[in-house]
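> Sequence and predicted structure, then a few things I'm wondering about:
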Amino acid sequence: MRYVGRFAPSPTGLLHAGSLVAALASWLDARAHDGQWLSRIEDVDTPRCLPGAAQAIQQQLARCGMTPDGAVLWQSQRHAHYQAALEHLVAQGWAYPCGCSRKDIEATQSQTVARHQAAVYPGTCRIGLNGKPARAWRLNVQAVQQALGWPVITAWTDRRLGTQEQNVNEEVGDFVLRRADGLWAYQLAVVVDDGEQGITHVVRGQDLADNTARQIVLQGALGLPTPKYMHTPLVLGPNGEKMSKQNGAQALDLHQPLAALNSAALALGLPAAAADATVPQALARWSQDWAALWHKA
Ligand SMILES: [Zn+2]
């Protein structure tokens, strides 16, 4: 089986224990399938990126024995590709400009739905801007689904979480492809780049599972294949919240790569490596364990 996987960090800070779990899982899955493991720097949201963080992340991964099997893709250099994708969607009649502010959208809801603090977009500008200036570009989800003959409920099988489904139109609405500030939206960049890199298997943290249905719809709209998905367990910080730079997660201690890897392995249900094991020995053992657990899934 052809297998191309990837790890796609945002360079908003160094890797922490939570992001190492996703990195290790994607690396082990690629090794267990005799596949390729590619890397992509998701620096499309440039105001949030820290100078030097991408290089520091690559050094952290290398200290943990994980180096990509090919050139690293940088989203900040991919503007022309995202633009071409948007133009294709516009030409099909599947993308439209939106003049709504966040306040406009929230005013249409009786109560704001608590999904990443974002309200469901009600499709206001599908029929035109009504004199407002264009701010963002959105995907017409229903138009894509109808053209492809797809159901309104997008269903997929996550290798770990099992059957998942979402009615994108009702639960999210027509989502943004290009933001009001001119930056490319995460969903568009990820789908175009997964296509460019030929990704067959996405292994990433469970906090990203909620994006999958939107990405599947966008893959269909762009004529791209849908990879297999696996979402890995989240590591919670001492306060019980998701680990993130925002809530003070510690960067990994690179003087103790095996200790950091052991914690990540335990979070993935793998046995800790012996204290005297080398990093390559530990990775080789975990690759076998991972294959036994997940190869068929
Ligand atoms: Zn609008």
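Structure's in. What do you need?

> ok, which stretches of the stretch 151-297 of the chain are helices?
Counting by DSSP state H, counting those that start in this stretch, the stretch 151-297 of the chain has helices at residues 168-171, 186-196, 212-221, 257-267, 279-294.

> Let me know the angle separating the third one from helix 186-196.
Calculated by axes from the mean of the first three to the mean of the last three CA atoms, to 10 degrees, helix 212-221 forms an angle of 60 degrees with helix 186-196.

> Give me the buried stretch members for helix 212-221, please.
Using 16 or more other CB atoms under 10 Å as the test for burial, helix 212-221 gives 212-221. C-beta: built from backbone N, CA, C; applies to glycine.

> burial measure for residue 208, as a count.
Residue 208: 17 surrounding residues under other CB atoms under 10 Å.

> ok, now which ones touch it?
residue 231 (CB atoms under 8 Å, 6 or more residues apart in numbering).

> Dump the helices of the stretch 151-297 of the chain to JSON lines, plus mean pLDDT and distance to the ion.
JSON lines is the format used below for the helices of the stretch 151-297 of the chain (pLDDT from 0 to 100; distance: least, CB to the ion, whole Å):
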{"stretch": "helix 168-171", "mean pLDDT": "95", "distance to the ion": "15"}
{"stretch": "helix 186-196", "mean pLDDT": "98", "distance to the ion": "17"}
{"stretch": "helix 212-221", "mean pLDDT": "98", "distance to the ion": "17"}
{"stretch": "helix 257-267", "mean pLDDT": "94", "distance to the ion": "41"}
{"stretch": "helix 279-294", "mean pLDDT": "96", "distance to the ion": "42"}
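
> between these, which gets nearest to residue 230?
Between residue 230 and those, the tightest spacing by CB to CB is seen for helix 279-294, at 7.4 Å.

> How about the closest one, which residues are buried there?
Applying 16+ other CB under 10 Å to helix 279-294 flags 279, 282-283, 285-287, 289-291, 293-294 as buried.

> Much appreciated, bye for now.
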